[in-house]
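Enquirer: Give me a model of this one.
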Amino acid sequence: MASAGAGSGVTQLFELRHPGSCTGMFWRGNPTTGAGAAGRDWPRNGSLLRGKVHKKIKGDDWLEVSEWQQAGTKGFVSGEGKNLWMPFSQGGTLLHEIKG
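Expert: Got it, this is the predicted structure:
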């Protein structure tokens, strides 16, 4: 889950690892407004997602993604203006914080 300092507007880095048999997770839209995600290339397990943590929206913590790196690739791609969101859990922990 997100660290204690989450929700303060600080950008944090996470690795996506789906706890089930799925190979990744489709982008979600904004859980507050319902606006849909504009990302077509969804992150696979091992992808890195960087963004701002939003605590307890509709019962879950959410990451508003500012940039991400697809698993197995080099370099981050901007997510700004694309309304890319990811819940922290889906049948278990989905986003794992990378510290340092």
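Enquirer: from here on, contacts and neighbour counts on C-alpha atoms
Expert: Will do.
Enquirer: In this structure, mark out all the strands, start to finish.
Expert: Here the chain has its strands, by DSSP state E, at 11-16, 48-57, 60-69, 77-78, 85-87, 95-97.
Enquirer: ok, now which ones touch the most centrally placed residue in the chain?
Expert: Compute the mean C-alpha point of the chain, and by CA atoms, centre = their mean the closest residue is Met86, 3.7 Å away. Going by CA atoms under 8 Å, 6 or more residues apart in numbering, Met86 touches 27-28, 62-65.
Enquirer: Taking these, tell me the two that lie furthest apart.
Expert: Trp27 and Trp62 (11.5 Å; CA to CA).
Enquirer: what's the overlap in contacts for the two?
Expert: With CA under 8 Å, 6+ apart, Trp27 and Trp62 have common neighbours 85-86.
Enquirer: who has more neighbours, those two?
Expert: Trp62 (26 against 20; other CA atoms under 10 Å).
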